[in-house]
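K.L.:
dropping the sequence and predicted coords here.
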Amino acid sequence: MSVDSITLEEFEAVQNRGSSPESEPTFGEVVQQRLGRRNILRGLLGTAAIAAFGPAVPLPDGIADAAAQAAPAAGKAGKDGFSFVFEEIARGVDDHHHVAAGHDADVLLRWGEPLFADSPEFDPYKQTADSQLKQFGYNNDFTAFMPLPLGSSSADHGLLWVNHEYTIAELMFPGLVPEGQDRYAPEAITKEMAEIEMAAHGGSIVEIKRGKDGKWAYVRGSKYNRRISALKTAMNITGPAAGHARMKTKADPEGRTVIGMMNNCAGGMTPWGTVLSGEENVDGYFMGKIDQTHPEQRNYDRMTIPSPFYQWGRFDERFDVNKAPYEANRFGWIVEIDPYDPTSTPRKLTALGRFKHEGAGVHLNKDGHVIVYMGDDQKFEHVYRFVSKGKFNPADRKANMKLLEEGTLSVARFDADGSVTWLPLVHGQGPLTAANGFKDQGDVLISARLAATHLGATRMDRPEDIEVNPKTGRVYVMLTNNDDRAKADPIHPVQAQVNPANPRPANSWGHIVEMLPPGDDHTASTYKWEILLKAGNPADPKTGASFNAATTANGWFACPDNCAFDSMGRLWVGTDQGNKWQWTSGDADGIWAVETEGPLRGTARMFFRVPIGAEMTGPSFNPDDSALFLSVQHPGADGVEKVTKSGGRATFADPGTRWPDFKPTLPPRPSVVVVSRKGGGPIGV
């Protein structure tokens, strides 16, 4: 498609398309082989039981009040074996957010909040890059609460890290989209606008406190407050790819320093108090067309670069692959940030590999090795694990800062016998040799996707967030969707077969996979795996969904994306249906509580719902589970054609909602919400 016509929806379609070659089995094929007639019958019985709750509620012509289209109310949890105690909310969609009864959900931080003493107040009509660098960024995603002071267990005072994934120009800038239209011409983006977008990317570190009234607030002017941006923040490149020839540019001939990070989606926290932030869809920032004879062409094709959504390359040659053919190799990494030191330099960790990082689930193994689980968020991509070479030392934070610079990155192969085999991405082992284009370990890590294909890793349905249950040690993989598996082909004809007990060929709804390390040893070369649930509407046999029969008509969900465990080991799942929410569920995204143990395993209950057009991201807890931080991303943006005045896509003048301010002069503002229980105490207990 041409740059002149690309929209956010079209860009998402481009960056989600499969680039992994079909030379190894998909995850669905492996599941098909592994699970036999007994599990098929069990899945059918579960579907039949849940179908008794009735069909999904269709989206009306207009957006009706949630109560008018809600399914029957759920019973109260906390009995009959449930570990969650809250009245489940009704599914639906409107322009507000909703939380389970007995809880408050307050907006804590909005796009444009002034973070420093000299920050200007937010004014969308007077935006500049300088002002945005002093304000809370756009499209908040992953959040992480870190107690103050460092090393304490304070639940009422701490630092909040927030990713700022990407920007949406048509919702940010007044007048960009001509009146009566729903798209803008690329040439309408000015250099100033591009720099504002760069400034709005990255992340924020913000000091927050809970007051005597139980309400949270951020501390403006705190010495800890900081903006990390794609515009000005210098970052060090560490690990095997640092200084590599494929990391060197005209602006950085040493290949060891890069300006900025971008499209930071999910992440994780380390035991030594730093944040890991994953760069995801970096392909959309690069324009131009690299010479087909250039040695990077194969690697860029595998990363779908360029897929130009942004116009930055018109003003900064770093983002034009013709002028800077190696710059893109400097993005697509996990970035480590020290929130406790505002003067520290963020570090890109090349030892963890380059791909479209959705998150970084950190686990401290029983022998002291640090484990990081990562998903590559694109159709038919892979699940990865990093094991540090060194071991964690609780008495030496400085030494721990080096732990993620050296270790072994592996990619997962899910086998039909129920085992997961971790395949090391180590130069010189197996096919990872010069004969296949890998001259050294730097090559392997820069082209991690190509290396994974050579090793025969299993092609998955958009692996996104991966987290470890702190109580059981089991690992949970969110697989968001992959409707491209509906396409039959002579190599993998099984992709066209529908089996309600297995992940579906036309998987528009996603599923959750559970991995079991033997003896809770996360360094083991082989695990076991199971399917926790298959998302979608169980009342509709065409979806092939499987939840526990105790799940109500409000409890099922589609497109699991981010997830979090509270300190009690309970799983909370956020969803991202994108602009297809009318077809995948007919309802807004939100947070669901999911049982992972006992007879209610696979039961889900709806806890929180975002406003129309928004995505639910970034769930995280404070140490005593009395606060749940949630990111409401791009409110009023996705799939809102039925509520905009024009009947077209959302714009600054005509959004799907003006949440959270609901003022006619203000656009919708991505925001962080903090959920607390009325009267105090842990969430959902």
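P.N.:
In hand now; what should we look at?
K.L.:
just the pLDDT at A637, thanks.
P.N.:
At A637, the pLDDT value in this model is 98.
K.L.:
is it in contact with I168, as I believe?
P.N.:
Yes: counting by Cβ atoms under 8 Å, A637 touches I168, with 6.0 Å between them. Just so you know, the C-beta spots here come from the backbone N, C-alpha and C atoms, and that holds for glycine as well.
K.L.:
who has more neighbours out of those two?
P.N.:
A637 (27 against 22; other Cβ atoms under 10 Å).
K.L.:
ok, the more buried one - contacts?
P.N.:
Applying Cβ atoms under 8 Å, 6 or more residues apart in numbering, we find A637 in contact with L8, I168, L171, G613, A614, A650, P655, G656, P668.
K.L.:
repeat that for 6 Å
P.N.:
G613, A650 (Cβ atoms under 6 Å, 6 or more residues apart in numbering).
K.L.:
where does it fall, helix, sheet strand or coil?
P.N.:
Secondary structure assignment for A637 (DSSP: H, G, I helix; E, B strand; the rest coil): coil.
K.L.:
got phi/psi on it?
P.N.:
phi -110, psi -50 (degrees, to the nearest 10).
K.L.:
ok, the residue of the chain most remote from its centre to H294 distance?
P.N.:
Using Cα atoms, centre = their mean, the residue of the chain lying farthest from its centre is A435. It sits 35.1 Å away. As judged by Cβ to Cβ, to the nearest Å, A435 and H294 stand 20 Å apart.
K.L.:
could you count how many residues lie near S447?
P.N.:
S447 has 28 nearby residues by other Cβ under 10 Å.
K.L.:
per-residue confidence for the nearest residue to it once chain neighbours are set aside?
P.N.:
Nearest non-adjacent residue to S447, counting by Cβ to Cβ, 6 or more residues apart in numbering: N299, 4.8 Å away. Note on N299: pLDDT of 93.
K.L.:
which parts of whichever strand or helix holds N299 count as buried, going by neighbours?
P.N.:
Using DSSP states H and E, N299 sits in helix 297-302. In terms of neighbour count (16 or more other Cβ atoms under 10 Å), helix 297-302 has its buried residues at Q297, N299, Y300, R302.
K.L.:
excluding its backbone neighbours, what's nearest the third one?
P.N.:
In this case it means Y300. In space, Y300 is closest to I290, 6.0 Å off (Cβ to Cβ, 6+ apart).
K.L.:
likewise for the last one?
P.N.:
In space, not counting the residues next to it along the chain, R302 is nearest to R449; the distance is 4.8 Å by Cβ to Cβ, 6+ apart.
K.L.:
thinking that neighbour is in contact with T304, fair?
P.N.:
No: taking Cβ atoms under 6 Å as the definition, R449 is not a contact partner of T304, at 10.1 Å.
K.L.:
sorry, back to before: name the SS class of the residue farthest from the centre of the chain, please.
P.N.:
Here A435 is helix, with the state taken from three-state DSSP.
K.L.:
read off the pLDDT value for it.
P.N.:
The model reports A435 with a pLDDT of 97.
K.L.:
just to revisit the earlier point, can you list contacts of the helix holding N299?
P.N.:
S19, I290, S447, R449, L450.
K.L.:
chain center to it: distance?
P.N.:
Distance of helix 297-302 from the chain centroid (Cα atoms, centre = their mean, to the nearest Å) equals 23 Å.
K.L.:
repeat for stretch 593-603
P.N.:
How far stretch 593-603 lies from its chain's middle: 23 Å, per Cα atoms, centre = their mean.
K.L.:
return the member of the contacts of helix 297-302 nearest to A412.
P.N.:
Ranked by distance to A412 (Cβ to Cβ), these are led by R449 at 13.7 Å.
K.L.:
ok, that closest one - how many residues close by?
P.N.:
Look at R449: counted by other Cβ under 10 Å, it has 24 neighbours.
K.L.:
quick check: it is in a strand.
P.N.:
No: under three-state DSSP, R449 sits outside any strand and is assigned helix.
K.L.:
for it, give its distance to A593.
P.N.:
R449 is 34 Å from A593, by Cβ to Cβ.
K.L.:
likewise V685?
P.N.:
Shown here: V685 relative to A593, a distance of 11 Å by Cβ to Cβ.
K.L.:
the more surrounded of these two?
P.N.:
A593 (26 against 16).
K.L.:
and stretch 288-305, end to end?
P.N.:
9 Å (Cα to Cα, to the nearest Å).
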